[in-house]
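Q: task: produce atomic coordinates for the following.
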Amino acid sequence: MTRNVHEHPNAKAYRRTAEAFRAGDEEALRGLIADDVIWHVPGRNRLAGEVRGRDSLFEWFQRLREATNGTFSLEEHDVVGNDNHEVALSRMSAVRSGLSITVQVVSVIHYRNGKQPERWFHPTDPDAWNRMFS
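A: Presented below is the predicted three-dimensional model:
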């Protein structure tokens, strides 16, 4: 993962958020995610739907860990941002029924005052996305 020293602050904020998520650093995440956050999670699985509010999002993180038996991983391929948005090209993976599932995901994220108030996930393989979280 190569980082551009001239990377936009919103792209840097996303990278800090992803690093805090991987580290399980709830305090850092609370500083990077807006209180009124909305995540739009696609699919036909137990994690799909709109997640509204930071506390609900933290509950969703717990459900994510449970659904994937703690095997979920996130790796950025590239991150670009401007004053209003950030786009992350990522690989999301988990082990389900002994099989590793990896999905390329494009995430579009709004930013407001350095915090994430809204995010949309666009997996390249919806069937694999659903299997990962079923």
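Q: where does this protein dip in pLDDT?
A: 1-5 (pLDDT under 70).
Q: which residues in it form strands?
A: Assigned by DSSP state E, the strands in the chain fall at 33-41, 49-52, 73-81, 85-96, 99-112, 115-123.
Q: redo those as JSON lines? Include mean neighbour count.
A: C-beta: built from backbone N, CA, C; applies to glycine. JSON lines is the format used below for those (neighbours: other CB atoms under 10 Å):
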{"stretch": "strand 33-41", "mean neighbour count": "17"}
{"stretch": "strand 49-52", "mean neighbour count": "14"}
{"stretch": "strand 73-81", "mean neighbour count": "16"}
{"stretch": "strand 85-96", "mean neighbour count": "18"}
{"stretch": "strand 99-112", "mean neighbour count": "17"}
{"stretch": "strand 115-123", "mean neighbour count": "18"}
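Q: distance to R22 added to these, as CSV?
A: Listed next are the strands of the chain as CSV, based on distance: least, CB to CB, whole Å:
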stretch, distance to R22
strand 33-41, 15
strand 49-52, 19
strand 73-81, 6
strand 85-96, 12
strand 99-112, 15
strand 115-123, 16
